[in-house]
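Asks: fold the following and give me the result.
(one chain, ligands or ions: 2)
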Amino acid sequence: VTKKIPRETLEKTERHPCYSFGAHHKFARMHLPVAPQCNISCNYCNRKYDCTNESRPGVTSEVLSPVAAGSKFIRVREKIPNLSVVGIAGPGDALANWPETRKTIELIQASDPEVVFCLSTNGLMLPAYAPEIVELGIKHVTVTVNCVDPEIGSKIYRHVFYQGRKYKGIEAARILLENQLAGITYLARHGVLVKVNIVMMIGVNDGHIQAVVKRVKELGAFITNIMPLIPAQGSVFENFSQTPVKALNEMRDLCQEELQQMRHCQQCRADAIGMLYDDRSPEFRSPVEKGRT
Ligand code: CLF
Ligand code: SF4
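Replies: Ligands and ions are numbered 1, 2, ... in the order given. Model (predicted):
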């Protein structure tokens, strides 16, 4: 890391199991599924389940109101003393549900000022909400950037809903990519540590990933996380093959020369709870939800 990161932020990162490899077997995170809507449509997503940005596909999760999320946080904190991070990672997009996301964060901040917050987003609404994210004191934001070329983007994104209009094809991808890159720039300039998730899709963006890493590094990203495509049933890419681990690791090795790489991602559910390798979410589901599964 060449940039100077304030001590207070570094101290938070040391307790962040995704941003810090050393933290992942010491600290737990919980996701609060308060964000069901999404404003774009990725070809690898089947939103009947979870956001593959941050979620294992094929597993449904409950959706909580901000107030219910606040009380769930208190229940979980009592049982998991090493809980350090509260993340909002769907099941849709954290910023497409900004009022709920924001309210949840404010409620938890009021009950525990020590919590490290984390957001995961497709980045479409970052130009609109990045200033509020900074104001809330959030230091960790993940943006999924699968390409920096709208032509490639048109093969990944079916449509984008933006400012009351639906866009398709290259136009849709261009709006999304511009907003992602502008958002990353703003966040990085304001001291937020940006993690960029990249879904590696063989035959779609695998030849372009180094270009993505290079670009987001220039804009100030802190780390990238190259993830495998896990074809979700019912998604446009359902018949694609899963990205082989070998290809994934080779790409991470190549990109490591440019920017630090996360290699311990678990592609968590939108309601994951606990250590990255030990999901305890079933223990904490509401009785109604338990009855359904
Ligand atoms: Fe959650 Fe994501 Fe924050 Fe971590 S998960 S919002 S940065 S607290 Fe972590 Fe899970 Fe991988 Fe995400 S292992 S899917 S990278
Ligand atoms: Fe699905 Fe996430 Fe893409 Fe939205 S951003 S379409 S929830 S994968």
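
Asks: any regions of the stretch 101-250 of the chain where pLDDT drops low?
Replies: Scanning the stretch 101-250 of the chain for pLDDT under 70 picks out no residues.

Asks: which part of it gets nearest to ligand 2, residue-wise?
Replies: residue 122 (3.8 Å; C-beta to the nearest ligand atom). Every C-beta, even on glycine, is put in place using the N, C-alpha and C of the backbone.

Asks: next, give phi and psi for that residue.
Replies: In terms of degrees, to the nearest 10, the main-chain angles of residue 122 are phi -80, psi -10.

Asks: quick check, it in contact with residue 143.
Replies: Yes - counting by C-beta atoms under 8 Å, residue 122 sits close enough to residue 143 to count as a contact (7.4 Å).

Asks: need the residues touching each of those two.
Replies: Common contacts of residue 122 and residue 143 (C-beta atoms under 8 Å, 6 or more residues apart in numbering): residue 180.

Asks: among these two, which residue is more densely surrounded?
Replies: A count of neighbours by other C-beta atoms under 10 Å puts residue 122 above the other of residue 122 and residue 143, at 29 against 25.

Asks: can you pull the contacts of that one?
Replies: Residue 122 neighbours (C-beta under 8 Å, 6+ apart): 38, 39, 40, 42, 53, 93, 95, 143, 144, 176, 180.

Asks: next, residue 64: secondary structure please.
Replies: Here residue 64 is recorded as coil under DSSP: H, G, I helix; E, B strand; the rest coil.

Asks: so it touches residue 33, yeah?
Replies: Yes - using C-beta under 8 Å, residue 64 makes contact with residue 33 at a distance of 5.8 Å.

Asks: what about those two, which has more around it?
Replies: Between residue 64 and residue 33, residue 33 has the larger neighbour count (other C-beta under 10 Å), namely 25 against 22.

Asks: and the more buried one, how far from residue 232?
Replies: 17 Å (C-beta to C-beta, to the nearest Å).

Asks: go on, residue 145?
Replies: In terms of C-beta to C-beta, residue 145 sits 19 Å off from residue 232.

Asks: same check on residue 259?
Replies: 28 Å.

Asks: tell me the contacts of residue 20?
Replies: Residue 20 touches 13, 14, counting by C-beta under 8 Å, 6+ apart.

Asks: give me the buried positions along the longest helix along the chain.
Replies: Determined from DSSP state H, the single longest helix within the chain is helix 169-189. Buried residues in helix 169-189, defined by neighbour count with 16 or more other C-beta atoms under 10 Å: 169-170, 172-177, 179-181, 183-188.

Asks: which secondary structure elements does it contact?
Replies: helix 126-135, strand 140-144, helix 150-156, strand 157-162, strand 193-200, helix 209-219 (3 or more C-beta pairs under 8 Å, 6 or more residues apart in numbering; DSSP states H and E).

Asks: packing partners for the last one?
Replies: Read that as helix 209-219. On a contact count with 3+ C-beta pairs under 8 Å, 6+ apart, helix 209-219 meets helix 169-189, strand 193-200, strand 223-228, helix 245-256.

Asks: show me which positions of that helix end up buried.
Replies: Buried residues in helix 209-219 (16+ other C-beta under 10 Å): 209, 212, 213, 215, 216, 217, 219.

Asks: and the angle for it with strand 140-144?
Replies: 140 degrees (axes from the mean of the first three to the mean of the last three C-alpha atoms, to 10 degrees).

Asks: now tell me what touches helix 209-219 from outside.
Replies: 145-149, 181, 184-185, 188, 194, 196, 198, 200, 205, 224, 226, 251, 254-255, 258-259.

Asks: what does the stretch 151-293 of the chain put close to ligand 1?
Replies: Taking C-beta under 6 Å from any ligand atom as the criterion, the stretch 151-293 of the chain approaches ligand 1 at residues 195, 225, 265, 266, 267, 268, 276.

Asks: going by distance to ligand 2, which of these wins?
Replies: Closest to ligand 2, out of all of these and judged by C-beta to the nearest ligand atom, is residue 267, at 11.3 Å.

Asks: so what pLDDT did that closest one get?
Replies: Here the pLDDT value assigned to residue 267 is 87.

Asks: what secondary structure does it sit in?
Replies: coil.

Asks: follow-up on the earlier one: residue 259 and residue 232: which is more packed in?
Replies: Between residue 259 and residue 232, counted using other C-beta under 10 Å, residue 232 has the larger neighbour count: 24 against 17.

Asks: surely the more buried one meets residue 44?
Replies: Yes - Residue 232 is within contact range of residue 44, at 6.3 Å (criterion: C-beta under 8 Å).
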